[in-house]
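Student: I would like the atomic coordinates for the input below:
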Amino acid sequence: MAFYVLLPLLGAAFAVGLAASMLQAATRQNDPTLNTVPKLLGVGGALLIFGAWMTALLQGFWYDLWSHLPEMVR
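Tutor: Numbers count the residues shown, from 1 in each chain. Next comes the predicted model:
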């Protein structure tokens, strides 16, 4: 469940990191800030886009978990 929920954020970080690395390789820049800041912005954007979906998915998971907890304890 955790991987499924975080997959959009990981995908955004991977895509932005790959693009930033390609740009750094093309311009021969080697500054870690040029790779970190775009990743943070990309993950923040993905969180804004997919945040409601992630919250709804986790809410359903927790509701099912707590509603079936007495059955699991027995």
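Student: Do a quick rundown of the helices in the chain.
Tutor: Ranges of helices in the chain, per DSSP state H, are 2-27, 33-67, 69-73.
Student: Dump the ones you listed into CSV; add mean neighbour count and mean pLDDT as well.
Tutor: Quick note: C-beta positions are derived from backbone N, CA and C, even for glycine. Putting those into CSV (neighbours: other C-beta atoms under 10 Å; pLDDT from 0 to 100) gives the following:
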stretch, mean neighbour count, mean pLDDT
helix 2-27, 13, 93
helix 33-67, 13, 93
helix 69-73, 7, 86
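Student: For the residue nearest to the spatial centre of the chain, give its distance to Glu71.
Tutor: In the chain, the centroid-proximal residue (C-alpha atoms, centre = their mean) is Leu9; its distance is 1.8 Å. Separation of Leu9 from Glu71 (C-beta to C-beta, to the nearest Å) stands at 33 Å.
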